[in-house]
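Engineer: Sharing a sequence plus its predicted fold:
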Amino acid sequence: MVTSEAPFYDENATLVERLTFTLQAAEIGTWDYNLETGVAEWSSICKELFGLSSDAVVTPAILLDRVHPEDREMVNRANKKAISPDTDGNHNITFRTLANNGVYRWVQAKGRTYKSDSGAVQRFAGIVQDVSSSVEARQQLQASQERFRTLIEEAPVATCLFVGRDLIIDIANNIMISFWGKDRSILGKPVAEAVPELIGQPFLQILDEVFTSGQTYKSQNTPVQLPVNGVLSTYYVDFTYKPVRNAQGDVYAVLETAIDVTEQVISRKTIEASETKLRSVIATAPAAMGLFIGRDLIVEMPNQAFIDIVGKGPNIAGKSLREVMPELITENQPFLQILDDVYTLGKTFQTFGAQVKIVQNGVMTHNYYNFTYSPLFDADGHVYAILDIAIDVTEAIRARQETEESEARYRALSEELENRVRQRTQEVLQINQDLKRSNENLQQFAYVASHDLQEPLRKIQSFSTLLNDQFGDELGDAGKDLLRRMSAAGARMSTLIKDLLTYSRVATRQQIFGLVSLDKIMANVLTTLEWDIQQRGARIDINELPVIKGDESQLGQLFQNLLSNALKFTPGSETPQIQIMCFPRDISELPAEIQLSSHASRFYQISVSDQGVGFDVKYLDRIFQVFQRLHARNEFPGTGVGLAICQRVVENHGGGITANSKPGEGATFHVFLPA
């Protein structure tokens, strides 16, 4: 028994006719399969959709055989499911059938089953139509969407698609996800929820404006705060927000592409900072500095010192070096080639004291410079400019040249002086040899004189004594007086000869210098003069005396003469009071009249003082001359040679001697000997 639901076709012929026309017009085929009787009705359109003729006998097996092999299993399962009493009986599948032209097409079958009152499936009826166009359109759309998704996911830059007013992250490639510092769990979420770090930054507002206005938005070198390892860091991006429209022209999504340009921005900022610093350094540098940009060597950032050296006025920036300094070419100078080599090889060139011909303010100059050409590299390691640093060393070079010329003149003069010195040395050596021979002759003469002169004197004195002893009574008083005078004259002559010999030896004999104790010498002098000291009852006070370097014999003669004079020039009625003192002296403390032959800076002053007759200091120069006497021979005996000997001894030792005195108040002789 059939259910109460309306059958597939009604008894109303008009309605059936109208429905049939509609189905035919829509090219929709129908089928009605009675499961109880096994009878099936297939419309001609239905048969045609399976590639069968309108009069063909049709069975479910024949129809299934016309289904694409890949779809048969699916169709068979769908049919079984539809007629199963355990289902709702609805049937809607799309599959491919083989058309009569041998080409497969897409068809859609929709139907349902009808049950009896007992619940048994009686009929399975429905429609079938060609849906190739819609399926292929859908497939093309899916392929397009898949290509779009693939394009986004495989894009070499960060790319994503925000869908709807809430800007749902529909698609995002790994570059964009990594850029946000997230993972793929953010897909399907609104961007404000998925990347909350963007809240407070301008990007969400810009996205909303692009979605609303439909206008593309682009930005470059834009800073963005994004998390890295949980810490917000600043990145720089070039990004584009482009609206995406549907078939109706309405915006349904926004496509974002972004490029991380952080390294480039930081590098550019670093370069800009470096250039700013370089510009400041160049502008304030005392040396001439400027940049030559590119192989054309365009002058940039010349400082005032550089402008002054070039001498072509202030407006040289932006011009090539060849244009600014044509004399580098016309004068066949090597510097343009050197600069080209620096640009090519990327190696610094440095030179010192190079002469450069420069037309400065219309005048050709030939100055000297220390300069350095240093290559500057861009971020890719390529030379883009050359830094020129130059220092004008013309004055120093010319001063050095003058110095070298002076040194050459001095060397020539030195050689001339050396020649003259050698010549003078030879002359001095010859003079010394002559002087040595003269001294030897003088010593020989002194020996001969002492022997030849003393011998007659001794005979005269001897004969005078014999004459007085043997014939004194016969000579009378007058004769005796003559004999006495003759004997006294002989004695004086003998003393004079001895003093002259002593002076000669002091003047000509080579000194034997060694360390000498003046205390010891003074003790020897006191021993020598012991008889005279005792006879006069003299009182002699002596300070401690130093050890010096000298000739012991000559120093003994010096102090013996001084002590003898102190005894001699004290009147016989008075007791001699003699004081010998010693003081260390700096050369600056010596009296002005002292003339030294020594280069010593320290001296000993030995002063010998007496309380004798003294003398007038106006005769100071005379008393040290040979044979000069200030008193008559009958007042004080002597030859006038003793102080001359003292002066000679002191001079031999590089020292000096002077005296101060007043008549009747004694005299003090000051001897200065090198310490």
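Structural biologist: Cool, got the structure.

Engineer: Where do the helices of the stretch 451-600 of the chain begin and end?
Structural biologist: For the stretch 451-600 of the chain, helices defined by DSSP state H, counting those that start in this stretch occupy the ranges 518-528, 530-536, 552-568.

Engineer: among the ones you listed, which is the most enclosed?
Structural biologist: Most buried of those by mean neighbour count (mean count of other Cβ atoms under 10 Å) is helix 552-568; its value is a mean of 21. Any C-beta I mention is one placed from the backbone N, CA and C, and that applies to glycine too.

Engineer: That one versus helix 518-528: what angle between them?
Structural biologist: 50 degrees (axes from the mean of the first three to the mean of the last three Cα atoms, to 10 degrees).

Engineer: Packing partners of helix 552-568?
Structural biologist: Secondary-structure packing of helix 552-568 (3 or more Cβ pairs under 8 Å, 6 or more residues apart in numbering; DSSP states H and E): helix 394-508, strand 513-517, helix 518-528, helix 530-536, strand 577-586, strand 602-609, helix 642-652, strand 667-674.

Engineer: before we move on, the earlier item: tell me which of the helices of the stretch 451-600 of the chain lies nearest to Pro326.
Structural biologist: helix 552-568 (86.1 Å; Cβ to Cβ).

Engineer: returning to what we had before: how about the helices and strands packed on helix 552-568 in CSV, adding distance to Thr113?
Structural biologist: Shown next, in CSV, are the helices and strands packed on helix 552-568 (distance: least, Cβ to Cβ, whole Å):
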stretch, distance to Thr113
helix 394-508, 115
strand 513-517, 153
helix 518-528, 159
helix 530-536, 177
strand 577-586, 146
strand 602-609, 146
helix 642-652, 160
strand 667-674, 151
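
Engineer: These: which one's closest to Glu153?
Structural biologist: Nearest of those (Cβ to Cβ): helix 394-508, 70.1 Å.

Engineer: Low-confidence stretches in the stretch 201-350 of the chain?
Structural biologist: 229 (pLDDT under 70).

Engineer: and this structure, what are its domains?
Structural biologist: The chain breaks down into these domains under automatic domain parsing: 13-130, 138-260, 266-392, 410-506, 511-674.

Engineer: where's the spatially most distant residue from the centre of the chain relative to Asn468, distance?
Structural biologist: Most distant from the centre of the chain: Glu474, at 117.5 Å, with distances by Cα atoms, centre = their mean. According to Cβ to Cβ, to the nearest Å, Glu474 and Asn468 sit 11 Å apart.

Engineer: same check, this time on Glu407
Structural biologist: Counting by Cβ to Cβ - Glu407 and Asn468 are separated by 84 Å.

Engineer: next one: Arg66
Structural biologist: For Arg66 relative to Asn468 (Cβ to Cβ), the value is 198 Å.

Engineer: ok, now Asp541?
Structural biologist: For Asp541, the distance to Asn468 - Cβ to Cβ - is 44 Å.

Engineer: residues in contact with Tyr241?
Structural biologist: Neighbouring residues of Tyr241 by Cβ atoms under 8 Å, 6 or more residues apart in numbering: 206-207, 210, 216-218, 254-256.

Engineer: So which of the residues you listed are in helices?
Structural biologist: 206-207, 210 (DSSP state H).

Engineer: Show me which of those residues is closest to Arg138.
Structural biologist: Val210 (29.2 Å).

Engineer: Nearest residue to that closest one in space, please, no chain neighbours.
Structural biologist: Spatial nearest neighbour of Val210, excluding adjacent residues (Cβ to Cβ, 6 or more residues apart in numbering): Tyr241 at 4.4 Å.

Engineer: pretty sure that neighbour belongs to a strand, no?
Structural biologist: Yes: membership of Tyr241 in a strand is supported by DSSP: H, G, I helix; E, B strand; the rest coil.

Engineer: of Glu407 and Asn468, who's got more company?
Structural biologist: Asn468 (17 against 11; other Cβ atoms under 10 Å).

Engineer: so what's that one closest to, chain neighbours aside?
Structural biologist: Asn468 sits nearest to Leu483 (Cβ to Cβ, 6+ apart), 5.0 Å away.

Engineer: Return the residues in contact with that neighbour.
Structural biologist: 464, 467-468, 472, 475.

Engineer: and Leu63, what does it touch?
Structural biologist: Applying Cβ under 8 Å, 6+ apart, the residues contacting Leu63 are Phe50.

Engineer: that older thread, would you single out the least confident of the domains of the chain?
Structural biologist: Mean pLDDT is lowest for domain 410-506 out of the domains of the chain, coming in at a mean of 70.

Engineer: What helix or strand is Gln264 located in?
Structural biologist: Here Gln264 sits within helix 262-284, counting by DSSP states H and E.

Engineer: Looking at strand pairing, list the partners for Glu41.
Structural biologist: Per DSSP bridges, the residues bridged to Glu41 are Asp32.

Engineer: Tell me how far it lies from Gln129.
Structural biologist: In terms of Cβ to Cβ, Glu41 sits 17 Å off from Gln129.
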